[in-house]
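Participant: A predicted structure for the sequence below; I have some questions about it.
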Amino acid sequence: MNEKIKVKVTNLIKNFGDNQVLKGINLEVHDNEVVVVIGPSGSGKSTFLRNLNRLEAPTSGSIVIDDTDIADPKTDINKVRENIGMVFQHFNLFSNLSVSENIMLAPVELGKATKEEAAKQAKELLARVGLESKYDATVQSLSGGQQQRVAIARALAMNPNVMLFDEPTSALDPEMVGDVLGVMKQLATQGMTMIVVTHEMGFAKEVADRVVFVDDGNIQEQGTPDEIFNHPKDPRLQNFLDKVLNV
Amino acid sequence: MKRSFIRIVGGLIALLSLFAALNFSTTPAKAETTYQIATDSTFPPFEFANSHNKYVGIDIDLLHAIAKDQGFKVNIKPTSFNAAVQSVQSGQMDGVIAGMSITKEREATFDFSKAYFMSGVVMAAKPNGKVTSLKQLRGKRVAVKTGTSGAQYAQSIHKKYGFKIVTFDESNDMYQDVLTGNSAATFEDSPVMKYAIRQGTKLKIYTKPALSGPYGFAVKKGHNQKLLRMFNNGLADLKANGEYARITRHYLGAKGSSDTTSDRTFLGLIKQNKGALLSGFEQTVWLTIVAIFFATLFGVIVGLLGVVPSKFCNGISTTLIYIFRGLPLLVLALFIYTGIPSLTGQKIPAFIAGIITLMFNEGAYIAAFVKGGINAVDDGQMEAARSLGLPFGKAMRRVILPQGIRIMIPSFINQFIITLKDTSILSIIGIIELTQTGKIIIARNLEGFKVWAIVAIIYLIVITLLTWLSNWVQRRVRL
């Protein structure tokens, strides 16, 4: 982890009608840092993540990624998104395309690679997530865990320098979770800047550089995994950990 | 992305106006002496298609004879009576000759020639003698044809004699209603009734002609006065030289033209009317193909406008769908064909009006399921595509549309079949497609049941072929 600030969120507010979901979030993420966001459901952590690549438009505040303010409506959001990979809870693989076509679509469509280059890259990426045999497979023939690993490969095909994970293992059968987390760990050790919303406390303890606890639309506490899990100060965090760890 | 949609819409408008312009320019330029005359297509013995599918009748023969006598040319266009009257009113045609009674109301919007025929309304009923006078109609039903003197006569006396009026669009339907016993009698113009009885209709005339009505040739009030003068002069000449008497005798005399001797079996009817049925069938197929093309274009564009991220475009889409899906096809067809020209003064050929009607109506349904099909694709697909940096248009084209189209295909097939059937409604604006052809044949030979059965079978055959074709296409595109 180095000192360069990759993502700087300042006073981020998001309203859905009269309902204020994000109430002024401030957060800095450094280059190569892995930040895990935890919190009860409905706390606003997914909304926060979706603001970072403007799948939801911020109501106010600023989000600067690599010196570009993406909350500014004048920003060409498509250019910025090329550098921000996103992995969804429900994978969202393109069901009209094969596994390799899923991975190749964006690089080819956006002129980042020729078809041949993209095909070669797709093979490499599939090997990296352990699915080289699924190159020509249909999306429907894959298990949930396999689909999520393809989704990660698809995001990586654009060579992003930040990856956002929105509860990537929540929709998986328990025995599939390990494979996906394995790929994510590998990414973290290779130095990818990652912001991960998850309920996998084990992953947070092991991989996170920093853990952020969000509740009621704001960051209530943040720190190293040791500080958060072993010495929580905020009573809401204590209560939350009590519920998720002592099942 | 928004810009490219606007470009598509602009392109469509340009294409349509080109299409329209081409057709306007191909309608024969009005040479000095060629007049466009509208007539009914189903009013024997005044106008009807003979067994060679050629229009003949007292009106037609008189007009040709007058034109020859006065040295002008006519181009006679058979359509429905209402369409004929309205096309002159809106300036699309120069004059109308269609067994049209001269009435006070009509004189407000038309200038009539001198009467060229004196008609009168008679009552006809089954020849079993149960109903032989107006007095016996109390509590019963009387069949009349909309807009005719018979209908007017019925209206004027129905309180006095206490009968109920039922109206029909076609003479044959009206006679059938009496023959089946639903109605006790019918009021019809005496020459028309005489001709029908001579064609084999099992009805009998029981009253003397009442409400004697003069028939006149009409032009739009204040227009085509020269044509009107020539008609009057020609009519006088024809009466003087005996040509008038020869024509009327040919159709109404004891030894006039008659069709009763011809073969009335199914096969016989098909053989006699092969030409007419084939050309009606061609017109139906042609209407269907062109209409499907434009309706799909219109529907896809309006459907896409409904899903682009622009409140303005969404509003336009919703409004267009609301209007054109909400309007009955019949109303829309009449509005476009007769309404728009009377507002703008610009003529619209019936075929173009029909295509525009179907484009809007069927297109609105297509737009609705295009919109629905796209909305049925999981939101996550669009989010994933956008999160990779794909612009909206590319995401739509490569990810959303291919999935949406698969959802839409059954609806498309359904809509194509509906479009084929809906072309029959365009007979109302006088397009001589399959249904109108059926009406025309029946007007001549009064074989309603058999002719409609033939027409129905032709429709079923085409629909079966279309369904097979659609299923074949569907199998090819299923991935």
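Facilitator: Right, received. Where do you want to start?

Participant: ok, which stretches of the chain are strands?
Facilitator: Picking chain A for this. Under the criterion DSSP state E, chain A contains strands at A:5-16, A:19-30, A:34-38, A:60-65, A:68-69, A:84-87, A:162-166, A:193-197, A:210-215, A:218-223.

Participant: hmm, I had chain B in mind actually
Facilitator: For chain B, applying DSSP E gives strands covering B:34-40, B:48-49, B:55-56, B:73-79, B:95-96, B:110-112, B:117-125, B:141-145, B:164-168, B:185-189, B:204-205, B:210-215, B:218-220.

Participant: want to throw these into a markdown table with mean pLDDT, distance to residue B:233 and mean neighbour count?
Facilitator: C-beta: built from backbone N, CA, C; applies to glycine. Output for those, formatted as a markdown table (pLDDT from 0 to 100; distance: least, Cβ to Cβ, whole Å; neighbours: other Cβ atoms under 10 Å in any protein chain shown):
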| stretch | mean pLDDT | distance to residue B:233 | mean neighbour count |
| --- | --- | --- | --- |
| strand B:34-40 | 92 | 15 | 23 |
| strand B:48-49 | 86 | 27 | 24 |
| strand B:55-56 | 90 | 24 | 18 |
| strand B:73-79 | 90 | 15 | 19 |
| strand B:95-96 | 95 | 15 | 26 |
| strand B:110-112 | 95 | 15 | 22 |
| strand B:117-125 | 90 | 17 | 22 |
| strand B:141-145 | 91 | 32 | 24 |
| strand B:164-168 | 89 | 38 | 16 |
| strand B:185-189 | 91 | 26 | 28 |
| strand B:204-205 | 90 | 35 | 16 |
| strand B:210-215 | 83 | 18 | 19 |
| strand B:218-220 | 94 | 15 | 23 |
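
Participant: Serialize those to a markdown table and add fields for distance to residue B:135.
Facilitator: Formatted as a markdown table, the entries for the strands of chain B read as follows, by distance: least, Cβ to Cβ, whole Å:
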| stretch | distance to residue B:135 |
| --- | --- |
| strand B:34-40 | 33 |
| strand B:48-49 | 34 |
| strand B:55-56 | 39 |
| strand B:73-79 | 39 |
| strand B:95-96 | 37 |
| strand B:110-112 | 35 |
| strand B:117-125 | 11 |
| strand B:141-145 | 13 |
| strand B:164-168 | 16 |
| strand B:185-189 | 12 |
| strand B:204-205 | 17 |
| strand B:210-215 | 14 |
| strand B:218-220 | 36 |
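
Participant: which one of the strands of chain A lies nearest to residue B:278?
Facilitator: strand A:84-87 (61.6 Å; Cβ to Cβ).

Participant: by contact count, what packs against the helix ranked longest in chain A?
Facilitator: Selection of the longest helix in chain A by residue count, based on DSSP state H, yields helix A:174-189. For helix A:174-189, the helices and strands in contact under the criterion 3 or more Cβ pairs under 8 Å, 6 or more residues apart in numbering or on different chains; DSSP states H and E are helix A:144-156, strand A:193-197, helix A:201-207.

Participant: circling back: the strands of chain A: which one's closest to residue B:353?
Facilitator: Nearest to residue B:353, of all the strands of chain A, is strand A:5-16, at 48.5 Å by Cβ to Cβ.

Participant: kindly report the residues of chain A close to chain B.
Facilitator: Where chain A comes near chain B, counting by Cβ under 8 Å from any Cβ of the partner chain, the residues are A:53, A:55, A:78-82, A:84-86, A:88, A:90, A:92-97, A:105-106, A:109-110, A:151, A:154-155, A:158.

Participant: one more pass at 7 Å, please.
Facilitator: Where proximity means Cβ under 7 Å from any Cβ of the partner chain, the interface of chain A facing chain B comprises A:53, A:55, A:78, A:81-82, A:86, A:88, A:90, A:92, A:94-96, A:105-106, A:109-110, A:158.
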